[in-house]
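1. model this:
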Amino acid sequence: MAKGIIGTGRKAWQEKSAHVTPEAVFNDRRNIVKALGLGALGASIPGQVQAGLFDLFGKSEPHAPFVTHPLAFSRNDAFGQQEILTPEKKVTTHNNYYEFGTSKTDPVENAQGFKVDPWVLRVEGMVDKPLTLDLDDLTKLLPQEERIYRLRCVEAWSMVIPWVGFPLKALLAKAGVKAGATHVAFETLFDPDQMPGQKSRLMGGGIHYPYVEGLRLDEATNELAFMAVGLYGKTLPPQNGAPIRLVVPWKYGFKSIKSVVRIRVMDKQPPTSWNQLAPHEYGFYANVNPKVDHPRWSQATERRIGEGGIFSAQRIATLPFNGYGEQVAHLYKGMDLRQYY
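-> Residues are numbered from 1 along each chain as shown. Next comes the predicted model:
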């Protein structure tokens, strides 16, 4: 591992344990700011009416709680292992995952019957050895490690979360990226029978599904880009993106796509879901930038969520690239970050 800060064993961008968002808080999210368009329409509908509409469009029937399992992993001391972790209940009951509904509690309520076995993740496109990975491969193909990352939502709140998984660049190396490749595209599972938000654009936030995301190749192979298969030492619950999701901590949270079934290496910039829905509000890059406001709110500060609710959270200054500039600022040298937001 790379050397840390002298006398601390930490890298400069590593998060202190005391700043890690209590895990229960992480899962109480999207009642703060609703999506625009049809998502905004959904936000304006009274809760009782939303519940009725969700029943109409196929709200999930009650299921026994989804079962997570302990993971075998090493703790990577270069990635924030001194942090005080967020309470687990917050992380698993307060989520932004529109495939299961736009309310903060919809994902945990509607995802418990989600099936991750069998699962197929394909790595394809401009690669030497296309990969088809099953559920077991996700935890056995590459060594698993725990990293603690800050998470900054575009809605101007933030958390600190411990993830278990492996570097994205290690997965791409297994496939072998061909010369001429410039970008990597990601795609979420499309299964309206399991994901009721995909049955209706009203209840799914106005998004055209399946949800898609993308990175430049140099972003995807940066040391911070991470494929998570677990959090808090256990496999991911469905409301958090089971069985595998992307985590890119220097970008706003919507870039960290969940329940990934396809990774395609390309020679052009791929489309991304929020940019398709509202290009004037959500750019392709979505780097955390306190100097570029969202059209409807400031990005200069954020609420670091702790044990309490969002409005009791401490307000702190937002850092460029979410505090990871040392690792990623060079990727954007010479770029106008107001234009390429």
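
2. Just the helices from the stretch 1-150 of the chain, written as ranges.
-> Taking DSSP state H, counting those that start in this stretch as the criterion, the stretch 1-150 of the chain carries its helices at 38-44, 47-56, 88-93, 106-110, 135-140.

3. Surely residue 174 is in a helix?
-> Yes: using DSSP: H, G, I helix; E, B strand; the rest coil, the assignment for residue 174 is a helix.

4. Near the closest residue to it other than its chain neighbours, how many residues? Count them for me, please.
-> Leaving aside its sequence neighbours, residue 174 sits nearest to residue 131 (CB to CB, 6 or more residues apart in numbering; 6.3 Å). From N, CA and C alone the C-beta is placed, and that goes for glycine too. Neighbour count for residue 131, taken as other CB atoms under 10 Å: 17.

5. Provide a list of residues in contact with residue 131.
-> Residue 131 makes contact with 121-124, 171, 174-175, according to CB atoms under 8 Å, 6 or more residues apart in numbering.

6. same question, residue 172
-> 123, 127, 184, 220-221, 265 are the contacts of residue 172 under CB under 8 Å, 6+ apart.

7. Kindly report the same for residue 219.
-> Residue 219 sits in contact with 225, 248, 328, 331, where contact means CB under 8 Å, 6+ apart.

8. Now it. Its backbone dihedrals?
-> phi -70, psi -40 (degrees, to the nearest 10).

9. Likewise for the one 5 residues further on?
-> Backbone torsions for residue 224, taken as degrees, to the nearest 10, come to phi -80, psi -30.

10. Look up how far residue 208 lies from it.
-> For residue 224, the distance to residue 208 (CB to CB, to the nearest Å) stands at 29 Å.

11. quick one, which of the two is more surrounded?
-> Per other CB under 10 Å, whichever of residue 224 and residue 208 has more neighbours is residue 224, with 22 against 12.

12. residue contacts, that one?
-> Residue 224 neighbours (CB under 8 Å, 6+ apart): 149, 248-250, 324, 327-328.

13. where does stretch 290-298 sit relative to the chain's centre, distance-wise?
-> With CA atoms, centre = their mean, to the nearest Å as the basis, the distance from the averaged C-alpha position of stretch 290-298 to the chain average is 20 Å.

14. ah, wrong one, I meant stretch 268-281
-> Distance of stretch 268-281 from the chain centroid (CA atoms, centre = their mean) equals 16 Å.

15. Lowest average pLDDT across the helices of the stretch 1-150 of the chain?
-> Ranked by mean pLDDT, the helices of the stretch 1-150 of the chain bottom out at helix 38-44, with a mean of 39.

16. how much space between the spatially closest residue to residue 290 that is not a sequence neighbour and residue 303?
-> Residue nearest to residue 290 in three dimensions, not counting chain neighbours: residue 318, with 4.1 Å by CB to CB, 6+ apart. According to CB to CB, residue 318 and residue 303 sit 10 Å apart.

17. how does this structure divide into domains?
-> 1-65, 71-332 (automatic domain parsing).

18. So which of the ones you listed is the most surrounded?
-> Burial of those is given as mean neighbour count (mean count of other CB atoms under 10 Å); domain 71-332 ranks first at a mean of 20.
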